[in-house]
Structure formats: C-alpha cells, structure tokens
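Student: after the sequence you'll find the predicted model.
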Amino acid sequence: MYGGPGTGIGPALRKARQTRGKSIEEASRDLHIRSEYLQALEREAFGSLRADVYVRGFLRSYSSYLGLNPDKVVSAYVRAMGDAVQDVPGPPEMKKASQPVALRKALHGRGNWALAVSIAVIGLAVAGAVGLLSRSGPAPPPAPPPGNPGAAGGAPAQTVTVQIHAQRPVHVTAVVDGQQVLARTMRTGGTRDLQGAALIRIEFSTGRAATLTVNGQPLGRPGKRGQRYVASFQPQDFRRSASTASPGG
C-alpha cells in the first residue's frame, strides 16, 4: 500500500524544515516524536510507520509544526495512496499539471514557505501525470487503527487518553491528531479529558501547574515551575503491559 514513486509530500516537509532552520533532532525534541519517524515521512517511507492511522497522525503533527496545512497534507497523502478521503477535507481537484493555482492549494505555507510549496506542487503534478493519484481498480479499504502496533490480529483497538487537572490557573493548549481542541486558561480545579487515535500534544504555560494522567497512568505534576511544559503522547505510552514507555515514542 505504501510503496511506489514519490508523492511530493516528503520533499515539501524536508524543505519546510530546512527553511525554518530546524534539524531532524530539533524537530523530534519539539514534537516528542522519534527522529526516525520524521525521517521516514521525509523519505515517504510510509510503510515503516506501522499503520495508516500513525502515518496520518504523524503527518498532521509534523506539517502543522512546519507551518503547512495539516488537513490538506493528509488529503494529498490519502489521494496518493489510492484511498477515499473520509476523515479530512479533500484537496482541490487536480486535473492537469497546467493548473498551478488548484495544486498550490493542496499544500501551502506562509511567507518563507513559497519554495517548499513549489516543490510539493511539482511532486504532486508529476505523480498525477503518471497515474499515481488515480489508480485503476477499486481502492483497498482503510486499515483500522491497531490496538498495539505489531501485535497479532484481533487485538482490541487502543486510543491515547490524557486527563488534565489544573492545580492552579494555567494556560493550556492541546492538539489531538493534528487538530487543536483546546487553547485557554484553566482555572484551579478544572479538568479536561482528551482522547485521540494516534497523538495528543499538550502545552502548559508553566510546569507544576496541573496533574496529568496518560492512558490511565498518573504522571503527577510534570515540568518546572516558571518554564513552559510541552509533551506528546501516543497509544502505547505508559501502558502497564508495555516493557518500556516513554512519551512521544
């Protein structure tokens, strides 16, 4: 499902990162996503990311971090893979490589991102010209979210859950599977429950201001007082049955 010629998404991600002056290691630390996963996205080695739901989650987080439109990046990926776009808005119809305006809307940035957008447009246009974006025959159904990547078939599906309980006023930002769902100041005693399919990223204006419970496991009051706290969590993090668990991979 993930093989074949490039889609243009990987070069666009790489160029956007380079334009921001970020290394893979810096992006990995900022997003709490393993560097080899980000490298796989830039190489378009989507098959190494274990399942379709993880590819989409990582694409959303990485493209949002780089200033690209995550919905349209994921839509371009889904179309390139030959699946029906179900959970993200579809990109504009791409009929011919001679329609740069429609293609430019599929992946966009701001200001300094013009070069990254140009590479993405060229990649997608070439892919469409050789039939990558309109494969013949019925498309295979999307893979269901796995309960535990690499586990035997039939295992129950897992999601990632995060509970935030404010111990004092703190501004909280939360992004679930690439979509921002929270950006406000929580009052003392306030609680917010979050659930996602692949990735939840949270940010506190200061550490030690709220308790966290991730996948049912209490983490206490993370971070340092007076310093911004940022972390990302995935379905396998802090599971009791896991031999190792570290946030973000």
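Tutor: Nice, thanks for sending it over. Numbers count the residues shown, from 1 in each chain.
Student: give me the low-pLDDT residue ranges for the chain?
Tutor: 1-6, 83-157, 240-249 (pLDDT under 70).
Student: pull the CA atoms of stretch 167-174 into CSV?
Tutor: The C-alpha coordinates for stretch 167-174 follow below in CSV (Å, rounded to 0.1, in the frame of the first residue of the first chain):
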residue,chain,number,x,y,z
GLN,A,167,-3.9,22.7,40.4
ARG,A,168,-3.7,26.5,39.8
PRO,A,169,-4.5,28.8,36.9
VAL,A,170,-2.6,27.7,33.8
HIS,A,171,-2.9,28.3,30.0
VAL,A,172,-3.3,25.0,28.2
THR,A,173,-3.0,24.2,24.5
ALA,A,174,-4.0,20.7,23.3
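Student: contacts for it, please.
Tutor: 162, 164, 166, 180-188, 192, 194, 200-206, 208-211, 221 (CB atoms under 8 Å, 6 or more residues apart in numbering). Every C-beta, even on glycine, is put in place using the N, C-alpha and C of the backbone.
Student: show me what contacts G196?
Tutor: Taking CB under 8 Å, 6+ apart as the criterion, G196 is in contact with G57, T159, V160, T161, V176, D177.
Student: I misspoke; the intended subject was S64.
Tutor: If a contact means CB under 8 Å, 6+ apart, then S64 has P70, V175, G178 as its contacts.
Student: and for the second one, nearest residue in space, chain neighbours not counted?
Tutor: What it means is V175. Excluding the flanking residues, the one nearest V175 by CB to CB, 6 or more residues apart in numbering is R201, at 4.5 Å.
Student: what helix or strand is the one you found on?
Tutor: Assigned by DSSP states H and E, R201 belongs to strand 200-204.
Student: point out the other helices and strands that the helix or strand following that strand packs with.
Tutor: Proceeding N to C from strand 200-204, the next assigned helix or strand is strand 210-214, under DSSP H and E. On a contact count with 3 or more CB pairs under 8 Å, 6 or more residues apart in numbering; DSSP states H and E, strand 210-214 meets strand 160-166, strand 217-220.
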